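*Asks:* 3D model of this:
(chains A, B, C and D)
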Amino acid sequence: MKLFNPDAAAEKLLRRFAGGTSRRGMLARLGGALVAAPVFPLLPVSRAGAAKPDRSPEAKTAFARKAQTVDDTKCDYWRYCAIDGALCSCCGGGIHTCPPGAESSPVSWVGTCMNPEDGKAYMIAYRDCCGKPMCTQCMCDNQDRETPLYVPQLNNNIIWCFGTQSMEYHCSTAVMVGPA
Amino acid sequence: MKLFNPDAAAEKLLRRFAGGTSRRGMLARLGGALVAAPVFPLLPVSRAGAAKPDRSPEAKTAFARKAQTVDDTKCDYWRYCAIDGALCSCCGGGIHTCPPGAESSPVSWVGTCMNPEDGKAYMIAYRDCCGKPMCTQCMCDNQDRETPLYVPQLNNNIIWCFGTQSMEYHCSTAVMVGPA
Amino acid sequence: MSRHTSQAFTLRAAAVLIGTVLASGAQAAVPTEPETPNVATLASPNPGWFYVRGGFDTAGTQIVDSATGKMVGMVDTSRTSDMAVDPAGKFYYVSETIWSKGNRGTRQDLLSIYDANSLKLQTEVSFPGRLIIGAQVNNFAISPDGKSAYIFNLTPAASVNIVDLGKRKFARNVELPGCAGLMPIAEGLVSVCSDGSLASLNLSGGKAEITRSVPFFSATNDPVFDAYNYSVRRKEAVFLSYTGLIYMAKIGLKPEVAAPFSIQAAAGLRPGDTKPLDVNWLPGGRQLTAWHHASNHLYVLMHIGEFWTQKDPGEEIWDVDLSAKKVVKRFPLEDHIDNIEVTQGDKPKLFVNTGKNDGYILDLATWTLGPKIGAIGGGIIATVEAP
Amino acid sequence: MSRHTSQAFTLRAAAVLIGTVLASGAQAAVPTEPETPNVATLASPNPGWFYVRGGFDTAGTQIVDSATGKMVGMVDTSRTSDMAVDPAGKFYYVSETIWSKGNRGTRQDLLSIYDANSLKLQTEVSFPGRLIIGAQVNNFAISPDGKSAYIFNLTPAASVNIVDLGKRKFARNVELPGCAGLMPIAEGLVSVCSDGSLASLNLSGGKAEITRSVPFFSATNDPVFDAYNYSVRRKEAVFLSYTGLIYMAKIGLKPEVAAPFSIQAAAGLRPGDTKPLDVNWLPGGRQLTAWHHASNHLYVLMHIGEFWTQKDPGEEIWDVDLSAKKVVKRFPLEDHIDNIEVTQGDKPKLFVNTGKNDGYILDLATWTLGPKIGAIGGGIIATVEAP
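*Replies:* Below you'll find the predicted structure:
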């Protein structure tokens, strides 16, 4: 693993990029890209330390201050802090479930969202569901720690349907990866 | 021409269907179809007789009573009495001109519209312009003497891009054929 | 390989979903354990579902559960395609035309077959061509035994292309001169023709035989809408004319059409007329009638206008008791409605939608309109009979 | 054959058009003579034109004349494609990805070349791949000499695919690790990178050489928007950061970036900050800045919010005199605006549009907003410099 920056969050990220599939060619190329461009610390929140969560308003983005944990078919559900697109929860899928007939992208962009209940930050993989006409339900466009295209892994404008049968965009899920 | 009903309007219609192209195969098949199904008089207006135009409100459809002759980028322009779709006049084309890069369909549906200036009825060929993404300007849906699908030559829901490179619908023109 | 992966995910999904359901009861237990992405499967075609097409020039048919008003899935209907449901509920059939390069290239006319539960594409059957039109009812149908697909074609000469669904191969093309629309019967199909007749196509022999009924309407004076309602099980159809005449018909090799009655007269008003300046309540819209077979009620979109407003959207829904020939209810609509369809169960609900892709569910038990369902699609609506 | 027919029609059309023009003077002379359908041709790319993309998931780029607000034609941009204009004004280039069966089949990455006057497809050049994204600026560019097309690719590893426009063949792929966006220079191109540097790619030799500038911003703390503005002629770019810092840069093999200034400070307000709870005027949108090169004014979409609202639509346009480093005008917007672009002539006009596909033209001579132009497209906007 010496190719990778030892930053734990970045490592997790790269594992998610591999996505449990055997797309080693893609991983190798991406690894090369990230190494050539220094991997920067993913985000301020990851430095906060999981032991002492800061629940003060000053530590929370506007999204996090208003986020709820009850209804995952609403744009303000806590995990959706950096989602852009139609919520699969509204399209016949679920928060980590593609709607019937869609294909889950093996790679994704990621967000780091604060759970209002424990005050901790979690890494979320926004996996697009692909290969079907766009679902037009529950369109959201959240922006916490969303970066320009030159930091693609945190960019939510890209259609993240890499490695799927077709790259037609259907909807987006928010898969829990773990503590940030 | 013995295959055809001698009704003059229908004859004109069939000539328009041929569209000056050499698509004889299509014409022959269409001719066969129209013969098997008795050709009915095209519309009440055609019986009115060109010599004595009836300009009374009782002779005019609601569209004809309100139609204008000045602005062919508006849905109430007189020739558009049975048009359905985007006006090519608003898309970089003209009343009988496809926008640049589009392809004029060799066949069309037809309307019979009353010219408010001379009180006479004219036959209009609504030729679709095809092969480009839909133009979204000036959407109209007029209905004078528009028929169900089993009378296709007067139906304006069909995408009339028969015989073009692709049948993608771009916009519709209203080409003057002559007195009805 | 990706397909294989999805199937593995599906197996794991059951456990995760159970976990989620249990968790949502307890406030503290917002799930934070790492999850494995998976793909949902869909229940079989359900008489409580509405299949709602996107608007013209858009793709996709959203499936809406009439009980909840929520989307449960989507059938991959490409633009200007037609969809039909296997009578046995095992497949969705999509009849579609796709150019190999979007707006150019090679034309491909395909009958695409999707598994009704996985919604995965099973196969594609090529055939010679089909009518391309902003999606419209009655141009694509499956035979009552589920063995043949009938695809209306217009070149602009009319014909029907028949696909053998058992062999999953194109079978033959049969001309339907001067007719349109497809009502499948055991022996073949029945179509409506420009001379005002019904044409019956007997496909049970080697050679297709076409017979025509006595004309019962005039396409010149008062045509019947092509968006008529047909029940394969009842072998009956209901036709409505531009002025508002309702014709009930038995459909078969020798159709029988009853004398019509006026929808306006059935509501105590004067009948519709074709004359200019004659303003009346008239039928209009795209898919403008819905027929609940068991109760024999017809729901019709009506608006105020003169003749030649047959595409004007509905301002009211009229509930016609066809057996009694009475309009028993008039329901005013705030939004102007293009399409209407009804579920066929014993507690029927209507779905209506607008040109702006908004939809509403109307509970016929109470005549209460549900909340607006946005971005649901402005195209035609389908329902299925109980399997 | 159809193409041949269209050309014949075009010849006849001139006469018919003259007839129409003459006729429209006299009231009685509404044209009723039989007409021949024809196809229009388009003037060459015009600095007074706006090229307005449809929204996400829709195709087509409408060309709008800034003088009239009317559509003059459409470039066939398929969904998620990118468009560029030949510097000599002879062609439109569309970089696109099309599956052979719409949402399935064979992936085809094509550079499609359209004649700028007939808008007819001249040829298609295949290449290995491109980034698929809701249309965004700076991912597709033509070299200053018009001989090469640069296509940004992301797999998700970043690279650029180069098409030789003289030979109309794919030339080569060059990696752009950790960078995105394409600013073509005589020797190659310059890109913005995640370490806060500019990468210069020298393509003039046999092997591509990449050099990086000293980092000038932090992608972690305050990234610059990827929808920056670049002028091929001036060899200069303007970058804007999420908090509102404006960086002016000379672009070349050795770029020079000037010290930034705060757009809020330039308007007499406190600079933007990244801290939660700090509400300020901040830049936001999709294509959120427009740069008029000759006057050196930058027009920026601004809204009130906290940090991490970089995609929020504009509530005001701020007119920044980059030479004076002053905000000289703030223009409030009734509709919330996603995209902004400016014509490059000496009487510049702005085009702005919304997520609802409405557009407006704003005359900068008087700061008057024209009428709403409906259904014009909600995507990115392009203009060309004078030929």
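
*Asks:* need the contact list for the nearest residue to C:Pro260 once chain neighbours are set aside.
*Replies:* Distance criterion CB to CB, 6 or more residues apart in numbering or on different chains; nearest residue to C:Pro260, sequence neighbours excluded, is C:Leu245 at 3.9 Å. C-beta: built from backbone N, CA, C; applies to glycine. Neighbouring residues of C:Leu245 by CB atoms under 8 Å, 6 or more residues apart in numbering or on different chains: C:Phe217, C:Asp222, C:Pro260, C:Phe261, C:Ser262, C:Ile263, C:Pro271, C:Gly272.

*Asks:* How about C:Gly285?
*Replies:* With contacts defined as CB under 8 Å, 6+ apart, C:Gly285 is in contact with C:Leu301, C:Lys311, C:Asp312, C:Pro313, C:Gly314, C:Ile337, C:Asp338, C:Asn339, C:Ile340.

*Asks:* rewinding a little: please pick the buried ones from the contacts of C:Leu245.
*Replies:* C:Phe217, C:Asp222, C:Pro260, C:Phe261, C:Ser262, C:Ile263, C:Gly272 (16 or more other CB atoms under 10 Å in any protein chain shown).

*Asks:* Out of those residues, the closest to B:Ala180 would be?
*Replies:* Minimum distance to B:Ala180 across the buried ones among the contacts of C:Leu245 is 20.5 Å, recorded for C:Asp222 (CB to CB).

*Asks:* got the phi/psi numbers for the closest one?
*Replies:* Backbone torsions for C:Asp222, taken as degrees, to the nearest 10, come to phi -160, psi 80.

*Asks:* same thing with C:Pro31?
*Replies:* Main-chain torsions, C:Pro31, degrees, to the nearest 10: phi -60, psi 130.

*Asks:* doesn't C:Tyr299 make contact with C:Asp319?
*Replies:* Yes - C:Asp319 lies in contact with C:Tyr299 (CB atoms under 8 Å); the separation is 5.8 Å.

*Asks:* which of those two has more neighbours?
*Replies:* Under the criterion of other CB atoms under 10 Å in any protein chain shown, the comparison of C:Asp319 against C:Tyr299 puts C:Tyr299 first, with 25 against 20.

*Asks:* Which strands or helices does the helix or strand that one falls within pack on?
*Replies:* Following DSSP states H and E, one finds C:Tyr299 within strand C:297-305. Counting by 3 or more CB pairs under 8 Å, 6 or more residues apart in numbering or on different chains; DSSP states H and E, the packing neighbours recorded for strand C:297-305 are strand C:236-240, strand C:280-283, strand C:289-292, strand C:314-321, strand C:326-337, strand C:339-342.

*Asks:* let's see it at 6 Å
*Replies:* For strand C:297-305, the elements it packs on are strand C:280-283, strand C:289-292, strand C:314-321, judged by 3 or more CB pairs under 6 Å, 6 or more residues apart in numbering or on different chains; DSSP states H and E.

*Asks:* Name the strands paired with it and say parallel or antiparallel.
*Replies:* Here strand C:297-305 has these sheet partners by DSSP bridges: strand C:280-283 (antiparallel), strand C:289-292 (antiparallel), strand C:314-321 (antiparallel).

*Asks:* Save these as CSV, and put in mean pLDDT too.
*Replies:* Below are the strands paired with strand C:297-305 laid out as CSV (pLDDT from 0 to 100):
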stretch, mean pLDDT
strand C:280-283, 98
strand C:289-292, 98
strand C:314-321, 98
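
*Asks:* which of those sits most buried?
*Replies:* Of all the strands paired with strand C:297-305, strand C:289-292 carries the top mean neighbour count, a mean of 24, counting by mean count of other CB atoms under 10 Å in any protein chain shown.

*Asks:* Could you list the residues in contact with that one?
*Replies:* C:Asn229, C:Val238, C:Leu240, C:Leu298, C:Tyr299, C:Val300, C:Ile340, C:Glu341, C:Val342, C:Pro348 (CB atoms under 6 Å, 6 or more residues apart in numbering or on different chains).

*Asks:* Between all of these, which two are separated the most?
*Replies:* Farthest pair in the contacts of strand C:289-292, by CB to CB: C:Leu240 and C:Pro348, 18.9 Å.

*Asks:* What sits closest to C:Asp312 if chain neighbours are left out?
*Replies:* Nearest to C:Asp312 is C:Gly284, by CB to CB, 6+ apart, at 4.1 Å.

*Asks:* Now that we're looking at that neighbour, what pLDDT does it have?
*Replies:* With respect to pLDDT, C:Gly284 scores 98.

*Asks:* Contacts only, for it.
*Replies:* C:His303, C:Thr309, C:Gln310, C:Asp312.

*Asks:* contacting residues around the residue of the stretch 1-150 of chain C found nearest chain B?
*Replies:* Proximity of the stretch 1-150 of chain C to chain B (CB to the nearest CB) peaks at C:Asn103, 4.2 Å away. By CB under 6 Å, 6+ apart, C:Asn103 lies in contact with B:Gly131, B:Ser166, B:Glu168.

*Asks:* Lowest-confidence one in these?
*Replies:* Comparing the contacts of C:Asn103 by pLDDT, B:Ser166 comes last, at 90.

*Asks:* just the residues of chain A that are near chain C, which are they?
*Replies:* Within reach of chain C by CB under 6 Å from any CB of the partner chain, chain A has these residues: A:69, A:91-93, A:96-101, A:103-104, A:117, A:122, A:127, A:132-133, A:136-137, A:175-178.

*Asks:* Report how many residues lie close to C:Ser323.
*Replies:* C:Ser323 has 10 neighbouring residues, counting by other CB under 10 Å.

*Asks:* List the residues that contact it.
*Replies:* C:Asn296.

*Asks:* Please repeat the previous calculation with a cut-off of 10 Å.
*Replies:* By CB atoms under 10 Å, 6 or more residues apart in numbering or on different chains, the residues touching C:Ser323 are C:Met248, C:Ser295, C:Asn296, C:His297.

*Asks:* can you check C:Val342 too?
*Replies:* The contact partners of C:Val342, by CB under 10 Å, 6+ apart, come to C:50, C:66, C:229, C:289-293, C:295, C:297-299, C:348-351, C:362, C:364, C:381, C:383.

*Asks:* got it, and C:His336?
*Replies:* C:Gly284, C:Gly285, C:Leu301, C:His303, C:Asp312, C:Pro313, C:Gly314, C:Glu315, C:Val352, C:Thr354, C:Gly355, C:Lys356.
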